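[1] Next one to model:
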Amino acid sequence: MDKPFSPACERNREPILAVLRTHLGEARTVLEVGSGTGQHAVHFAAHLPDLTWQCADRADYLPGIRAWLAEAALPNTPEPLLLDVVSGPWPGQRFDAVFSANTVHYMPWEAAQAWFASMNQVVHSGSRLIVYGPFNEGGRFTSQSNAEFDLWLKGLDPSFGLRDVAAVDALAAAQGWRLVADLPMPANNRCLVWHRALPG
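    Numbering: from 1, shown residues only. Reported below is the predicted structural model:
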C-alpha cells in the first residue's frame, strides 16, 4: 500500500524530537497514543535508538503505521497496537513514558477524559507524559490561525476543538500527574510535559 503522509509531521518532528531528548530522562519504553501515519514513530525511534517506541491507534490507522514501520525496519518499533482511548484495549504492559501529538483536539472532550482516566493502567511511578498540539490559554485562542483551525475542526465534528491548557492539566492532575513544562513550539503549538509521582 502507499504510505499515508502528513506534511505537519515533517514540519514538527525536529522541534518535538528536541523536547523528547530533554524530557524523557531515563525512559526506555514509550507508548505513542494516536500514532496517526506512523511518521513520528519512525523518526523518533531512529534518533532515539535506546527507546522502544510502541505505536498505538484505532484500527483504521494501523495499516498505514505498519507500512511506515516495515519500510524503516527499525529494531525498536514493535508491531503497532490497537487502541481506542474510550473502549481500549489498553496494553498489558507498563511504559516509562506516554507521548501523543495532535490528538486531544481531534476527539470529543469525553474521549479525552476517558484517556486520562485510563492511562494509569499502563504507566508507573516516575513515568512521563508529553502531549503536543495547539492549546488555548485562559479560555482564549493564542493566535488567529488557531481560532481558524478550531472552526475547521468543528466543521469536521462539532465535538472537536482546541482545549484549554488548564482543563487538560486538571485531567492529568486528577490522576496524579504534575505539569513540569509548558513549552512554546512552532506554528502556535505547545508541548505539555507531566511527571507522575504517585505509586503505581
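[2] what are the ranges of the strands in the protein?
    With DSSP state E, the ranges of strands along the chain come out as 29-33, 52-57, 81-82, 95-101, 123-133, 135-136, 163-164, 177-185, 189-196.
[3] Let's have those strands in TSV, adding distance to Ala170.
    C-beta coordinates here come from the backbone N, C-alpha and C atoms, glycine included. Listed next are the strands of the chain as TSV, based on distance: least, CB to CB, whole Å:
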stretch	distance to Ala170
strand 29-33	19
strand 52-57	24
strand 81-82	28
strand 95-101	17
strand 123-133	14
strand 135-136	13
strand 163-164	9
strand 177-185	10
strand 189-196	12
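[4] Let me have those strands in TSV, extended by mean pLDDT and distance to Pro63.
    As requested, those are exported to TSV (pLDDT from 0 to 100; distance: least, CB to CB, whole Å):
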stretch	mean pLDDT	distance to Pro63
strand 29-33	98	17
strand 52-57	98	10
strand 81-82	98	12
strand 95-101	98	20
strand 123-133	95	24
strand 135-136	98	30
strand 163-164	98	29
strand 177-185	97	29
strand 189-196	97	27
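[5] roughly how far apart are Thr77 and Ile65?
    Distance of Thr77 to Ile65, given as CB to CB, to the nearest Å: 9 Å.
[6] can you list residues touching both of those two?
    Taking CB atoms under 8 Å, 6 or more residues apart in numbering as the criterion, Thr77 and Ile65 both touch 41, 55.
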